[in-house]
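Peer 1: fold the stuff below for me.
(one chain, ligands or ions: 2)
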Amino acid sequence: MKLNEVDVLQWTLAGATGQQLSADQQLLNKRLDYAGGQIIFNDYGVVTVEPTSPGDKDVVYSCAVHGDETAPIEIVRDMIHGIMQGQIKPVQRTLFLIANPAAIAINKRFVEMNMNRLFSGAHRQGDSPEHHRAAAIEGYVTEFFNSAPNGERRRLHYDLHTAIRDSKYEKFAVYPFTHGGPYKKEQLTFLAECGVTTILLNQAPTTTFSYYSVRTHQADAFTVELGKVRPFGENNRHDFAAAETMFTRLICEHDLALPNFDPDRTKIFDVCRTINRTNEKFVLHFPDDVANFTAFAEGDLLATDGDTEYRVEQAGERIIFPNAKVALDQRALLTVIDVPITGLQLV
Ligand SMILES: O=C(O)CCC(=O)N[C@@H](CCC(=O)O)C(=O)O
Ligand SMILES: [Zn+2]
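Peer 2: Ligands and ions are numbered 1, 2, ... in the order given. Here you go, the predicted structure:
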């Protein structure tokens, strides 16, 4: 088999789980040429694209921070294959990350720990496979951004996910805490072109991957939720076509032309409350099939954490990312409220 025909996901899973690979299937530390540059296989699930004459953007696409979120894995895999096989010819430096192959291999969200709580150095406080991989991934991202050509550059990171539940707004993105900085119209427009027209504004530092890239590397970075979690082969790729087209255009065009910013395209939600599980007896008081962004009436009981009750405090409060099974001291539920886009500081 020619190296440019190797399945990059199979290679990643085999390598990360210690399986022996024959020489014609081993991509580790190999470099392949494409018309316009080189694709480099730095580690299992870590692939860098270095155009010969790179544009001014350094773009990171990550998937599988949660191992069972298969649609983003298929998207990233197919983009890499497109480059290996010559159909996609990036002109922008690009880093692709398949973040948690060990979790993909067992069809689980994670092996021991939720990797999306282990960035910005939180990986130093433990010894699970995810702690080690998050540390390694921070190293790869740092190396990627630091090895860019000199001059003014744009750093971008889209961390691709799918949600456990259905969502009333199917595609949405988390805009990590900006520490008072403005929100970018260009990014909201790019996301809208991807079909992501709902944005959640996080109002505090977190240990997520996207916040890490924002805070440590001054990137424009987002957690992008593209739909609902499904097993491999059950994703309807038409649902992701707009996103896939825009992700490809972003790295294949020198100056991606976007429509003018339209404030009516994007719905904004502000995070109002973060409810952590602190007790073994943590109960959600609504069924599993209640979709993300469902609104409840004032006073409704949302959750109990031991003896502490969490009730809806204001009209229009909606739930998102409910998960009663998270580890102790982790976020079990967020509530959000819609806010007018006109109230945001936009540049
Ligand atoms: O569907 C769910 O309940 C969880 C979806 C998910 O994994 N969301 C991310 C959001 C990260 C962020 O806040 O930027 C997560 O919880 O890690
Ligand atoms: Zn996820």
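Peer 1: so which residues on the stretch 201-347 of the chain come close to ligand 1?
Peer 2: Taking C-beta under 6 Å from any ligand atom as the measure of proximity, the stretch 201-347 of the chain contacts ligand 1 at Asn202, Thr206, Thr208, Ser210, Thr223, Phe321, Asn323. From N, CA and C alone the C-beta is placed, and that goes for glycine too.
Peer 1: which one of the residues you listed is nearest to ligand 2?
Peer 2: Thr223 (7.5 Å; C-beta to the ion).
Peer 1: circling back: any chance of TSV for the residues of the stretch 201-347 of the chain next to ligand 1, columns neighbour count, secondary structure and pLDDT?
Peer 2: Formatted as TSV, those follow (neighbours: other C-beta atoms under 10 Å; DSSP: H, G, I helix; E, B strand; the rest coil; pLDDT from 0 to 100):
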residue	neighbour count	secondary structure	pLDDT
Asn202	20	coil	95
Thr206	22	coil	96
Thr208	25	coil	98
Ser210	28	helix	98
Thr223	24	strand	98
Phe321	20	coil	97
Asn323	16	coil	96
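Peer 1: which of these sit farthest apart?
Peer 2: Greatest spacing in these, by C-beta to C-beta: Ser210 and Asn323 (18.5 Å).
Peer 1: next SSE after the lengthiest helix in the chain?
Peer 2: Secondary structure of the chain read by DSSP state H shows that its longest helix is helix 129-146. Sequence-wise, the next helix or strand downstream of helix 129-146 (DSSP states H and E) is strand 154-163.
Peer 1: buried sites along stretch 15-28?
Peer 2: Gly15, Ala16, Gln25, Gln26, Leu27 (16 or more other C-beta atoms under 10 Å).
Peer 1: quick check: angle from the longest helix of the chain to strand 154-163?
Peer 2: 150 degrees (axes from the mean of the first three to the mean of the last three C-alpha atoms, to 10 degrees).
Peer 1: please enumerate the strands of the stretch 101-250 of the chain.
Peer 2: Assigned by DSSP state E, counting those that start in this stretch, the stretch 101-250 of the chain shows strands spanning 154-163, 172-175, 198-201, 220-228.
Peer 1: let me see the contact set for the residue positioned nearest the centre of the chain.
Peer 2: For the chain, the residue nearest the mean C-alpha position is Asp159 (2.0 Å; C-alpha atoms, centre = their mean). Neighbour list for Asp159: Ser62, Val65, Thr208, Phe209, Ser210, Ser213, Ala221, Phe222, Thr223, Val224 [criterion: C-beta atoms under 8 Å, 6 or more residues apart in numbering].
Peer 1: I'd like to know how far it sits from ligand 2.
Peer 2: 8 Å (C-beta to the ion, to the nearest Å).
Peer 1: in the sheet, who's paired with that residue?
Peer 2: Taking DSSP bridges as the rule, Asp159 bridges to Ser62, Thr223.
Peer 1: measure it to Leu284 for me?
Peer 2: Noted for Asp159: a distance of 26 Å to Leu284, by C-beta to C-beta, to the nearest Å.
Peer 1: check Gly36 too.
Peer 2: 50 Å.
Peer 1: comparing the two, which residue is more hemmed in?
Peer 2: More crowded of Gly36 and Leu284, by other C-beta atoms under 10 Å: Leu284, with 21 against 18.
Peer 1: does the more buried one touch Lys325 like I think?
Peer 2: No: contact between Leu284 and Lys325 fails when scored by C-beta atoms under 8 Å: they sit 9.9 Å apart.
Peer 1: need the pLDDT of the spatially most distant residue from the centre of the chain.
Peer 2: In the chain, the residue that sits farthest from the middle, by C-alpha atoms, centre = their mean, is Asp307; the gap is 34.4 Å. pLDDT, Asp307: 96.
Peer 1: now do Phe282
Peer 2: pLDDT, Phe282: 97.
Peer 1: quick check, it in contact with Thr304.
Peer 2: Yes: taking C-beta under 8 Å as the definition, Phe282 is a contact partner of Thr304 at 7.3 Å.
Peer 1: how close does Phe321 sit to Thr304?
Peer 2: In terms of C-beta to C-beta, Phe321 sits 18 Å off from Thr304.
Peer 1: Arg311 - how many residues pack around it?
Peer 2: 15.
Peer 1: ah, wrong one, I meant Arg117
Peer 2: 20.
Peer 1: and if you look at Val224?
Peer 2: 25.
Peer 1: once you drop chain neighbours, what's closest to it?
Peer 2: Ala173 (4.7 Å; C-beta to C-beta, 6 or more residues apart in numbering).
Peer 1: what is the neighbour count of that neighbour?
Peer 2: Neighbours of Ala173 using other C-beta under 10 Å come to 25.
Peer 1: repeat that for Arg230.
Peer 2: Counted with other C-beta under 10 Å, Arg230 comes out at 14.
Peer 1: not counting sequence-adjacent ones, nearest residue to it?
Peer 2: Thr70 (6.3 Å).
Peer 1: Phe282 and Thr304: which is more packed in?
Peer 2: Neighbour comparison, Phe282 and Thr304: the larger count goes to Phe282, with 21 against 16 (by other C-beta under 10 Å).
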